[in-house]
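A.B. asks: Sequence first, then the predicted structure, then my questions.
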Amino acid sequence: MTISAPATVDELQTLIRDSERIHVIGKGSKTALHGNVNGAATVGLSEISGIIEYQPAEYTVTVRAGTAVHDLSAALDDEGQYLPFDPLLPAAATIGGVVAANLSGSRRFRYGGVRDFILGAEVVDGAGRAFRVGGKVVKNSAGFDLSKFLVGSLGRYAIMTELTFKVFPDVPRFRSLAFHYEQLEDALSAIYFINQSPYELDALDLVPPPLMNRGKKDGCWKLLARLAGFDETLPQRVERFSAAMTGETAPIQVKPLEDSASLWDPLAGLAGACLVKVALSPKQVPRFDEMVSRSPRRYGVGGNIVWLETEDIKQLDAALKSCELTGLCLRGVVESAVIGAPLENVLAARVKQVLDPQNKLV
């Protein structure tokens, strides 16, 4: 695959105007998104990178879309700040790729996903026109917010070249706990209890029993909970939360865990041929989980996202359709990155017609 790497927006505009079809990538970390583009010219944005403007006192940062996530995170960390939507694949992805694929991590549980923190963007559309949408400040004018619409668009409406986010101050300490349950229904009841409680968690993920233990007494569902705060108050908050959980949800065991980035990486250990993201609700988990019970998986964001690996993409596609769910393939060789129930969106079709009338962007 030959990749053109424009160094400026002007060069990108020229490439779009001179090409019949265009497919954009960041660093290519999500292989399933780039495997079936029908001969389109491939454009990489890794040269259009760097932090343009960072105002820690205003809690905003503007970066070029090809900026590596780990570079942006490092700059924010130097000021004690972070992106609360917790971008995934921090070691390999660009920030533009994170936005285009709408990939938030476990820490989005507390404050929200990419759409909640993107303020504006500069884009180039399918006609080669460059323009800005949204703004660079938290308070902005009302109206149709195209920058939020571009989240999860996979680059099919316009190519993002610059992005502005609001950021938050991070906290210095984290404590992680594991609550073990024999049945999925008990673990989900605990999630419902937490959602209705006053306890503010930094993250909440649900891990199924290891496949080798399924059917044995030690094969339990594990609810991972993370609290964040300061030395003066965090221990007391953890103690109160643990007491409330054991009093209301009756876990088999409560276990303190050594907090680490790998513990809260929902993709850790998912190394199968295909990696898929599915958005769902906790109420949809039991039926869907029964259909994918032989696949390694992890339910993130309080059971609202499942990450799973599969060796049989057709079987997963059928399961998703049966449950009226849609999946996004991030890794693997697939005919289409989007599987399961079709996404029918009249507004999206209209936006596509306005921004890419010749259907160049694929």
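C.D. replies: That came through, no problem. A quick note: this is a predicted structure, and the numbers were derived from the prediction, not measured.
A.B. asks: In stretch 347-354, which of the residues would be classed as buried?
C.D. replies: 351-352 (16 or more other CB atoms under 10 Å). Quick note: C-beta positions are derived from backbone N, CA and C, even for glycine.
A.B. asks: Which residues does that stretch contact?
C.D. replies: Stretch 347-354 is contacted from outside by 146, 149, 156-157, 359, using CB atoms under 8 Å, 6 or more residues apart in numbering.
A.B. asks: so which of those comes closest to Q13?
C.D. replies: Of all the contacts of stretch 347-354, the one sitting nearest Q13 is Y157; the distance, using CB to CB, is 16.0 Å.
A.B. asks: ok, that closest one touching L361?
C.D. replies: Yes. Y157 is within contact range of L361, at 6.9 Å (criterion: CB atoms under 8 Å).
A.B. asks: Quickly list what's touching both of the two.
C.D. replies: Common neighbours of Y157 and L361 (criterion: CB under 8 Å, 6+ apart): 125-126.
A.B. asks: Now do the strands in the stretch 251-362 of the chain.
C.D. replies: 253-257, 274-279, 297-300, 305-310, 326-331, 338-340 (DSSP state E, counting those that start in this stretch).
A.B. asks: Tabulate these in TSV, adding columns for distance to W264.
C.D. replies: Shown next, in TSV, are the strands of the stretch 251-362 of the chain (distance: least, CB to CB, whole Å):
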stretch	distance to W264
strand 253-257	10
strand 274-279	16
strand 297-300	9
strand 305-310	13
strand 326-331	18
strand 338-340	26
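A.B. asks: Please work out which of the ones you listed is packed deepest.
C.D. replies: The highest average neighbour count among the strands of the stretch 251-362 of the chain, using mean count of other CB atoms under 10 Å, belongs to strand 297-300 at a mean of 25.
A.B. asks: And that one, how far out from the chain middle?
C.D. replies: Remark: strand 297-300 is offset 12 Å from the chain centroid, using CA atoms, centre = their mean, to the nearest Å.
A.B. asks: Could you find the closest non-adjacent residue to C329?
C.D. replies: A32 (3.8 Å; CB to CB, 6 or more residues apart in numbering).
A.B. asks: follow-up on the earlier one: of the strands of the stretch 251-362 of the chain, which is nearest A203?
C.D. replies: strand 297-300 (8.1 Å).
A.B. asks: What helices and strands are in contact with that closest one?
C.D. replies: Contacts defined by 3 or more CB pairs under 8 Å, 6 or more residues apart in numbering; DSSP states H and E place strand 297-300 against strand 203-207, strand 305-310.
A.B. asks: To L234, which of the ones you listed lies closest?
C.D. replies: Closest approach to L234 among the helices and strands packed on strand 297-300 is made by strand 203-207 (14.5 Å; CB to CB).
A.B. asks: following that closest one, which helix or strand comes up?
C.D. replies: Note on strand 203-207: by DSSP states H and E, the next helix or strand toward the C-terminus is strand 221-229.
A.B. asks: Quick check: which helices or strands does that following strand pack against?
C.D. replies: For strand 221-229, the packing partners by 3+ CB pairs under 8 Å, 6+ apart are strand 173-181, helix 184-195, strand 203-207, helix 234-248.
A.B. asks: hmm, 6 Å instead?
C.D. replies: Here strand 221-229 touches strand 173-181, helix 184-195, strand 203-207, going by 3 or more CB pairs under 6 Å, 6 or more residues apart in numbering; DSSP states H and E.
A.B. asks: between these, which gets nearest to G272?
C.D. replies: strand 203-207 (16.1 Å).
A.B. asks: which residues sit against that closest one?
C.D. replies: 106-107, 109, 187, 222-226, 264, 298-300, 302-303 (CB atoms under 6 Å, 6 or more residues apart in numbering).
A.B. asks: so which two of those residues are the farthest from each other?
C.D. replies: The farthest-apart pair in those, when distances are taken by CB to CB, is R107 and A187, at 20.1 Å.
A.B. asks: Show me the one of the helices and strands packed on strand 297-300 that comes nearest D259.
C.D. replies: Closest among these, once you apply CB to CB, is strand 203-207, at 10.1 Å.
A.B. asks: now the closest one: how far from the chain's centre is it?
C.D. replies: A distance of 14 Å separates the centroid of the chain from that of strand 203-207, by CA atoms, centre = their mean.
A.B. asks: how about the CA coordinates for it, as PDB?
C.D. replies: Taking Å, rounded to 0.1, in the frame of the first residue of the first chain, the C-alpha atoms of strand 203-207 are listed here in PDB:
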ATOM      1  CA  ALA A 203     -13.900   3.800  35.900                       C
ATOM      2  CA  LEU A 204     -16.100   0.700  36.100                       C
ATOM      3  CA  ASP A 205     -15.400  -2.400  33.900                       C
ATOM      4  CA  LEU A 206     -16.900  -5.900  33.900                       C
ATOM      5  CA  VAL A 207     -14.600  -8.900  33.100                       C
END
